[in-house]
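Undergrad: got a structure for you, letters missing:
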């Protein structure tokens, strides 16, 4: 249930930001046509961009799922030192010792 609400909020927020970007491009084009100086974006475009950003952030927080604790001590208390320092991807058995062993003992 929350996943669908989160995805809907993300899509709605992104569409609002996209619409604000298109509105700012349209505003700039109108200023160029009327030869007026650019003094910044109107308040409604800025507000739409900020509201879209907030809605998208809310949706992303709902889609992301459960957050973990910042402190790693809760996870590390459950593990032993051997399991923390054990990294199987560093195991390497095809090394030069095999060829040196065959030269020495042949």
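TA: All right, it came through fine. Given the structure is predicted, the values throughout are model-derived calculations rather than measurements.
Undergrad: Which per-residue confidence value corresponds to the most centrally placed residue in the chain?
TA: Using Cα atoms, centre = their mean, the residue of the chain that lies closest to the mean C-alpha position is residue 60, 9.3 Å off. With respect to pLDDT, residue 60 scores 91.
Undergrad: For residue 21, which residues are in contact?
TA: residue 49 (Cβ atoms under 8 Å, 6 or more residues apart in numbering). Any C-beta I mention is one placed from the backbone N, CA and C, and that applies to glycine too.
Undergrad: re the thing from before, and the residue nearest to the centre of the chain, what is it in contact with?
TA: Here residue 60 is in contact with 6, 10 (Cβ under 8 Å, 6+ apart).
Undergrad: Where does it sit: helix, strand or coil?
TA: helix (DSSP: H, G, I helix; E, B strand; the rest coil).
Undergrad: in what helix or strand does the residue lying closest to residue 57 once chain neighbours are set aside lie?
TA: Leaving aside its chain neighbours, residue 57 sits nearest to residue 13 (7.4 Å; criterion: Cβ to Cβ, 6 or more residues apart in numbering). Assigned by DSSP states H and E, residue 13 belongs to helix 2-34.
Undergrad: cool, and residue 36?
TA: Using DSSP H and E, residue 36 falls outside every helix and strand.
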